[in-house]
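Visitor: 3D, please:
(one chain, ligands or ions: 1)
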Amino acid sequence: MPRDFLKGAKESYDVIVIGSGLAGLTSANILARQGLSVLLLEHHYQLGGMATWFKRAGGHIFDISLHGFPYGMIKSCRKYWSPEIAESIVPLKGIRFENPQFSLRTTFTREDFTRIIVEHFGIPSETVQRFFDTARSMNFFDDQAKTTRELFEQFFPGRDDVVRLLMEPITYANGSTLDDPAITYGIVFSNFMQKGVYTFEGGTDALVNKMRDELVRNGVDIRIRCLVEKIEVSPERQVTGVVVNGKHIACRAVVSNANIRSTIFNLVGEQHFDRKFIDDAKAVRLNNSSCQVYMALKPGESFDESCGDLLFHSEHTGFDINAMLSRDISSRTFSFYYPSTRPGSNRWLIVSSTNANYSDWAGLPEAEYEASKQDLIESTLCCLETYVPDVRQKLDHAEAATPRTFEHYTRHLAGSSFGTKFEGLQVSRDLPQQVTGLFHAGSVGIIMSGWLGAVNYGVIVSNDVDKLLTTH
Ligand SMILES: Cc1cc2nc3c(=O)[nH]c(=O)nc-3n(C[C@H](O)[C@H](O)[C@H](O)COP(=O)(O)OP(=O)(O)OC[C@H]3O[C@@H](n4cnc5c(N)ncnc54)[C@H](O)[C@@H]3O)c2cc1C
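Guide: Numbering: from 1, shown residues only. Got it, this is the predicted structure:
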């Protein structure tokens, strides 16, 4: 008999949360704290979504998406999770850029970027201050037609070196490009510039395990290996329940942490929405995907601390999104993980990340796919030798992940690492007006992606759910 992962589940809950990414986990926690009965359903055997980790022989633990997030995460975790979680969030000091245009190190704060742009790039201090003030004052209700390209042209015309410094890290953080609305850049960039880049000491496994404990304390019924096949909607357009692992479970509201497009088209079905809404949903563009190479050193081996924590490496001149997405890789971000990442461990790890097009990997026949992954590892090691000269001798383990890997584990359409482009946010926000009790919380619209964006969107949406359920 196959194991019943829903054994003992109730027939009905106030809220069912589909997916345990950071937005889904946060929504579930807040709603349970409000006294609502919450069922959390995750198809994978592990919670966390993209905020996840995996183990390999030799005691290696690799983090997938723990490269850095803004300071705001401390406040969000303290308020919506626990002081203990917030206290494990620590700054990353060593951010480094190496490319044909410049070689520099920074703390990734407004003060330090101002110093660099004024002293290194020779831009007048007043221009830099005006740029930072403009970026910081941007919000969702501002002009959405102005692009990031236009923002940079306004302040730094013809300076693709300055644009590269300002843009490259944000493209790695959320896939955004010069053609996306300037507000998406301004909001995310200013979040980082507030106090620099932060990480979670102890690793993603420690964070997600602490979150799971908190959910259990607050009474959330957590079920892994539970794939939701359908969200059920009445003819009056009211959510009535879900079908999960072939079983119907009733609820008053659903929070879907699945991709917004798969929520609408695969889980609900377009017949339950207005025509205009479906047209808008069809027009939502997915964000790009990623490749990563995970490398672990043998016990007793290490790399020099001068490598820094986060290294933006490129062989390309100028900021060029097509070059960054290309399979002919010229830009990589290296995350160096020291034993202090997981206090008590003696492991030295490096993860290389690149932005990637799903289409470049999706259709490859199996043999070619495996060979391409080997090429990716090989070219990554060649590049890494610049910074860790004898890395090949020190290496204990190396493996690659591609857009196909992310699609497989998180069910994101096209392995999208950062949800959708900006237009996805409005569609996500409009969902409850289409079907009563149907909500979406998860990476969407660029500004609501990444660790901080996902957590904060989980908070916003759970407040909407709470309002609906306590007034009806
Ligand atoms: C390689 C990589 C590096 C990244 N680096 C960073 C970084 O350094 N800093 C940062 O801030 N962000 C980073 N991100 C982005 C960040 O990890 C994500 O934006 C964030 O974790 C997404 O959270 P989410 O709530 O949107 O859900 P997701 O993580 O997308 O999770 C959705 C969950 O829903 C589940 N699910 C989907 N459909 C179903 C279904 N039908 N039934 C049951 N379960 C379902 C999935 O299994 C998954 O667990 C990175 C992402 C990637 C891929």
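
Visitor: Ala401 and Tyr294 touch, don't they?
Guide: Yes. The pair Ala401 and Tyr294 passes the contact test of CB atoms under 8 Å, sitting 7.3 Å apart. Glycine gets a C-beta too; all of them are placed from N, C-alpha and C.

Visitor: Need the overlap of contacts for the two.
Guide: Counting by CB atoms under 8 Å, 6 or more residues apart in numbering, Ala401 and Tyr294 have no contacts in common.

Visitor: what is the mean pLDDT for the helix or strand Ile231 falls within?
Guide: If you go by DSSP states H and E, Ile231 is part of strand 228-233. Summarised as a single mean, pLDDT over strand 228-233 is 98.

Visitor: That one - contacts with which helices or strands?
Guide: Here strand 228-233 touches strand 12-18, strand 239-244, strand 247-256, going by 3 or more CB pairs under 8 Å, 6 or more residues apart in numbering; DSSP states H and E.

Visitor: Switch the ones you listed over to TSV; also include distance to Pro157, mean pLDDT and mean neighbour count.
Guide: Below are these laid out as TSV (distance: least, CB to CB, whole Å; pLDDT from 0 to 100; neighbours: other CB atoms under 10 Å):
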stretch	distance to Pro157	mean pLDDT	mean neighbour count
strand 12-18	46	98	25
strand 239-244	51	98	20
strand 247-256	43	98	22
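
Visitor: Pipe those strands into a markdown table and attach distance to the ligand per row.
Guide: Formatted as a markdown table, those follow (distance: least, CB to the nearest ligand atom, whole Å):
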| stretch | distance to the ligand |
| --- | --- |
| strand 12-18 | 5 |
| strand 239-244 | 7 |
| strand 247-256 | 8 |
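
Visitor: can you list these in a markdown table and add distance to Thr107?
Guide: Below are the helices and strands packed on strand 228-233 laid out as a markdown table (distance: least, CB to CB, whole Å):
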| stretch | distance to Thr107 |
| --- | --- |
| strand 12-18 | 37 |
| strand 239-244 | 46 |
| strand 247-256 | 37 |
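
Visitor: For Gly219, find the nearest of these.
Guide: Between Gly219 and these, the shortest separation by CB to CB is 10.8 Å, and it involves strand 12-18.

Visitor: Now do the closest one and strand 247-256, the angle between them.
Guide: Angle of strand 12-18 versus strand 247-256, following axes from the mean of the first three to the mean of the last three CA atoms, to 10 degrees, is 60 degrees.

Visitor: now strand 12-18, how far from the centre of its chain.
Guide: A distance of 24 Å separates the centroid of the chain from that of strand 12-18, by CA atoms, centre = their mean, to the nearest Å.

Visitor: So what's the residue count around the closest residue to Thr52 other than its chain neighbours?
Guide: Distances taken as CB to CB, 6 or more residues apart in numbering put Ile64 closest to Thr52, at 5.1 Å, once the chain neighbours are dropped. Neighbour count of Ile64, defined by other CB atoms under 10 Å: 24.

Visitor: Check Ile64 and give its pLDDT.
Guide: 94.

Visitor: Begin at 534 from now on, thanks
Guide: Understood, numbering begins at 534; the last thing we discussed is Ile597.

Visitor: can you list the residues of the stretch 584-733 of the chain near the ligand?
Guide: Contact residues, the stretch 584-733 of the chain versus the ligand (CB under 6 Å from any ligand atom): Ala584, Ile597, Ser598, His600, Gly601, Phe602, Ala706.
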